[in-house]
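# Coordinates for the following, if possible.
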Amino acid sequence: MLPAPRHEPLGDGPFHRAHAAFTEVDRFDWDALGEGVDDARARELGRRSFILRALDEQRSLRAFTELLGELCEAGAPIDVIGTLTRVVRDEAQHVDLCDRVVKRLGGWDAGAPEPRWVRSDARQPLSRRILTTVLGSLCVGETVSVHMIKAVRENASDRVTHDVLTQLLKDESFHSRFGWWWLEAMPLDDADRAWGQRYVARLLPSLAQELTPKPAKRPFAANPFGNASAEARTAAFADALYGTILPGFDRAGLDASTIWSEVRPAA
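Down below sits the predicted model:
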């Protein structure tokens, strides 16, 4: 099988030592991952799920690296920039962790798709580009990710995979909080609030689709490398939406609950 299609590590050397010292990638017992799991289908499903997770982490690494540059350009407070630097570091760590799980379960193949890249729209003013990433990728994306990883981890009986998912969960929770901290610390002016409301009005209909029940293709079976039933995923998404996203946007003056009442799926 082919190596990871991007971000393949150099291996031993000064970059590896610096990366390992700056992250926690070497604290996991990688040789023990998958021990005692002989079911080929379970291993393959685990490999595929971590390929998709690795692609999501690559996408986040790209998006938050770009956000870091934009905050530097905008002259953001240095403590905000320093805090976001941790988010970028975490995403680099997540790419590495997911890549290692994929390789332990069989490796990458030629069919691995390109990540669904999220890029800043250079046609928009800098402040709007920053606000788009904060609202869409941090407040929504990372908040949903927290709840989804938590649901998937419930079935991760493989000890090392459970530890990896716990690390991802811890970091994604911090990333979500960064977005909400930003909204609290940077109150929106009238123009940005109006624009933010229009953005939320475009965003929420796509989120409504996630709450629409989807028929299962086959009976659910727990996977030792982590998975969740369709019902568990829907419940996790609802927890993120109703518990954090809508009330958080409301507090920022974006009237998300009013907008949601018009687009939410019928009970």
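# Report the separation between Ala194 and Glu154.
Distance, Ala194 to Glu154, using CB to CB, to the nearest Å: 41 Å. Where you see a C-beta, it was placed from the backbone N, CA and C, and this is true even at glycine.
# And the two? Which one has more around it.
Taking neighbours as other CB atoms under 10 Å, Ala194 and Glu154 compare with Glu154 leading, 16 against 13.
# Read off the pLDDT value for the more buried one.
Reported pLDDT at Glu154 in the predicted model: 97.
# same check, this time on Trp180
In this model, Trp180 is scored at 97, pLDDT.
# My read is that it contacts Val140, right?
No: counting by CB atoms under 8 Å, Trp180 stays clear of Val140, with 10.9 Å between them.
# Determine the number of other residues adjacent to the nearest residue to Arg233 once chain neighbours are set aside.
Excluding the flanking residues, the one nearest Arg233 by CB to CB, 6 or more residues apart in numbering is Ala151, at 6.2 Å. As a burial measure, Ala151 scores 21 neighbours (other CB under 10 Å).
# What of Val200?
Neighbours of Val200 using other CB under 10 Å come to 23.
# Correct me if wrong: it contacts Thr132.
No: counting by CB under 8 Å, Thr132 is not a contact partner of Val200; they are 11.0 Å apart.
# which residues are contacting the helix or strand Val152 falls within?
Assigned by DSSP states H and E, Val152 falls within helix 143-153. By CB atoms under 8 Å, 6 or more residues apart in numbering, the residues outside helix 143-153 that reach it are 49, 56, 162, 165-166, 168-169, 172-173, 175-176, 179, 226-228, 232-233, 235-237, 239-241, 244-245.
# Are any of the residues you listed buried, and if so which?
49, 56, 162, 165, 168-169, 172-173, 175-176, 179, 226-228, 232-233, 236-237, 239-241, 244-245 (16 or more other CB atoms under 10 Å).
# Spatially nearest residue to Cys72 (excluding sequence neighbours)?
Nearest residue to Cys72, sequence neighbours excluded (CB to CB, 6+ apart): Ile81, at 6.1 Å.
# returning to what we had before: next SSE after the helix holding Val152?
helix 159-185.
# which helices and strands does that next one pack with?
When contacts are defined as 3 or more CB pairs under 8 Å, 6 or more residues apart in numbering; DSSP states H and E, helix 159-185 packs onto helix 40-74, helix 78-104, helix 143-153, helix 246-251.
# Could you pull out the buried residues of the shortest one?
When you say that, I think you mean helix 246-251. In helix 246-251, the ones that count as buried by 16+ other CB under 10 Å are Leu246, Gly248, Phe249.
# Please apply the same query to the first one.
For helix 40-74, burial by neighbour count (16+ other CB under 10 Å) applies to 42-43, 45-51, 53-64, 66-68, 70-71.
# Same question for the third one.
Under the neighbour-count criterion of 16+ other CB under 10 Å, helix 143-153 has Thr143, Val144, Ser145, Val146, His147, Met148, Ile149, Lys150, Ala151, Val152, Arg153 buried.
# What about Trp108? Give its phi and psi, please.
phi -80, psi 150 (degrees, to the nearest 10).
# Just to check, it is in contact with His7?
No: counting by CB under 8 Å, Trp108 sits too far from His7 to count as a contact (11.1 Å).
# And those two? Which one has more around it.
Trp108 (19 against 14).
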